[in-house]
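Engineer: Fold the following, please.
(chains A, B, C and D)
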Protein chains: 2
Amino acid sequence: MAEEPNRMIAPSPIGETQNRLLDAAEELFMEHGFEATTLRQITAAARVNLASANYHFGGKEALFQAVLTRRLDPMNIERVRLLDELETNAGARPLSVEQILWAMFLPAMQLSRDRARGGKNFLRLLGRAYVDPAPFIRNFLKEQYADMVTRYKKAFSAALPHLPKQELSWRLHFTLGAVAYTLAGTDLVQVVSSLSPQDADNDEMFLRRLLPFLVAGLESPLKDPSVVKEAT
Amino acid sequence: MAEEPNRMIAPSPIGETQNRLLDAAEELFMEHGFEATTLRQITAAARVNLASANYHFGGKEALFQAVLTRRLDPMNIERVRLLDELETNAGARPLSVEQILWAMFLPAMQLSRDRARGGKNFLRLLGRAYVDPAPFIRNFLKEQYADMVTRYKKAFSAALPHLPKQELSWRLHFTLGAVAYTLAGTDLVQVVSSLSPQDADNDEMFLRRLLPFLVAGLESPLKDPSVVKEAT
DNA sequence: GTCTATACCACGATAGAC
DNA sequence: GTCTATCGTGGTATAGAC
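Structural biologist: Residues are numbered from 1 along each chain as shown, chains lettered A, B, ... in the order given. You can find the predicted model right below:
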């Protein structure tokens, strides 16, 4: 008891090896995905013993979750805080779709600019996690951040009151897809560098393109398309 | 020589074991992703010997590519054919974004309705492939279908002449993300069944939601957003 | 407590015998 | 064209040094 002075109070001063493991794992999981990354690679990169991954985290899956949690928990707390703030300022008026999206992306952008918090690497890993088929990852994301998701869903619902719940769910699903795929950035480097190398590091430029796309899609009017289909 | 009567002429009557392997592989890759799927699982499901996968296809990666090629080659040929047809009919007028998207999705929808060609399973696998981090998958998709991609990019460019090339590339990137993520359908089942079970099998309903979303995003006007950012 | 070396067991892929 | 033996490698458990 006396040997645990500041547990649950100061989360950061965990052991040196823990951090080295988390950093190395973050990098390698980001690069190769969960399955293709081995504990031997991770422990070698972190220059710690193979067994320490198991000792400190209890297994590969738990390590992966720890990598995500380290960055994601603070980010999501900030996301909710921002949304609360915006809603308070708006009073009775509902927020705009654009405002809500900003509240989602601003914390992510700040994180991506902070190398001490993982920088761009982490966002790429996050994108990868969202599209990974491993069930434990899916469940983890689903359970761990259900609060934030419902919180934002409610905000979107207020911003788009004319949309049926079902339609909104689909549109948010498409939105998440565009975001996750882009963050995962499997061919993002090519898209960017092929046309404008100076943009490669410019997350603001990136958001200036993504946000209008999403806003337009989310706000598009409901119309019954008894149209087109003229093919063949 | 005399023992290979119809090589390169008739592609479909390949050996029974080949087809069993392809079918089993399609199912399992779709379910677990490339890395997490083992040749032992595949050969067991196909009830063929473990080594036959190697014998007939030359390895796990080649088998995966064969699974994709079998369905994707015909589908993409049809996609290009449809686009050609539409453009011929339109004469000098450029196609609309919606028409182009229909040309992309119609062959996919037809395939998804044809159980003999893999049905929905294959589209899910395709979505998974698009988001898989494995480099060989990325290169394969990139190289194998570069023609179709540039073909469609040109059509979109004609439909959206006011958009800078760079902007168009990004928007198509977002589009692909929304599509791939949705096809991969990692949590699609939940979205669908939670709200309307009868929609679960209705691909037309699905397209009626996806297409307007994409059209709105792709066609959204270019505006310089010196806006918002009012958060914190 | 933390770290290390090492052993274990399961499994994937493949080459060579049949 | 099929079966099997083998080799490398993965995650994990344990025993003991510090």
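Engineer: Find the residue closest to residue A:66 in space, skipping its chain neighbours.
Structural biologist: Sequence neighbours aside, residue A:57 is the residue nearest to residue A:66 in space, at 5.6 Å (criterion: C-beta to C-beta, 6 or more residues apart in numbering or on different chains). C-beta: built from backbone N, CA, C; applies to glycine.
Engineer: Give the burial count for the one you found, as a bare number.
Structural biologist: 20 (other C-beta atoms under 10 Å in any protein chain shown).
Engineer: Ramachandran coordinates for residue A:37?
Structural biologist: phi -100, psi 140 (degrees, to the nearest 10).
Engineer: Run through the residues that contact it.
Structural biologist: A:25, A:28-29, A:31 (C-beta atoms under 8 Å, 6 or more residues apart in numbering or on different chains).
Engineer: Also near DNA strand D: which of the residues you listed, exactly?
Structural biologist: Among the contacts of residue A:37, none lies close to DNA strand D by the criterion of C-beta under 7 Å from any atom of the strand.
Engineer: Is there a quick PyMOL command that grabs whichever of the residues you listed are buried?
Structural biologist: The PyMOL command for the buried members of these (criterion: 16 or more other C-beta atoms under 10 Å in any protein chain shown) is given here:
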select buried, chain A and resi 25+28+29
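Engineer: Could you export the contacts of residue A:37 as JSON lines, including distance to residue A:161, secondary structure and pLDDT?
Structural biologist: Listed next are those as JSON lines, based on distance: C-beta to C-beta, whole Å; DSSP: H, G, I helix; E, B strand; the rest coil; pLDDT from 0 to 100:
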{"residue": "A:25", "distance to residue A:161": "43", "secondary structure": "helix", "pLDDT": "98"}
{"residue": "A:28", "distance to residue A:161": "45", "secondary structure": "helix", "pLDDT": "97"}
{"residue": "A:29", "distance to residue A:161": "40", "secondary structure": "helix", "pLDDT": "97"}
{"residue": "A:31", "distance to residue A:161": "43", "secondary structure": "helix", "pLDDT": "93"}
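Engineer: and the gap between the residue positioned nearest the centre of chain A and residue A:70?
Structural biologist: The C-alpha lying nearest the average C-alpha coordinate of chain A belongs to residue A:126 (C-alpha atoms, centre = their mean; 4.7 Å). With distances taken as C-beta to C-beta, to the nearest Å, residue A:126 is found 12 Å from residue A:70.
Engineer: Who's the closest spatial neighbour of residue A:41, skipping the chain neighbours?
Structural biologist: Excluding its sequence neighbours, the residue lying closest to residue A:41 (C-beta to C-beta, 6+ apart) is residue A:28, at 5.6 Å.
Engineer: helices and strands of chain A: which one bottoms out on pLDDT?
Structural biologist: Least confident helix or strand, chain A: helix A:188-195 with a mean of 54, by mean pLDDT, DSSP states H and E.
Engineer: re earlier: and the residue nearest to residue A:41, what is it in contact with?
Structural biologist: A:37, A:41-42, A:45.
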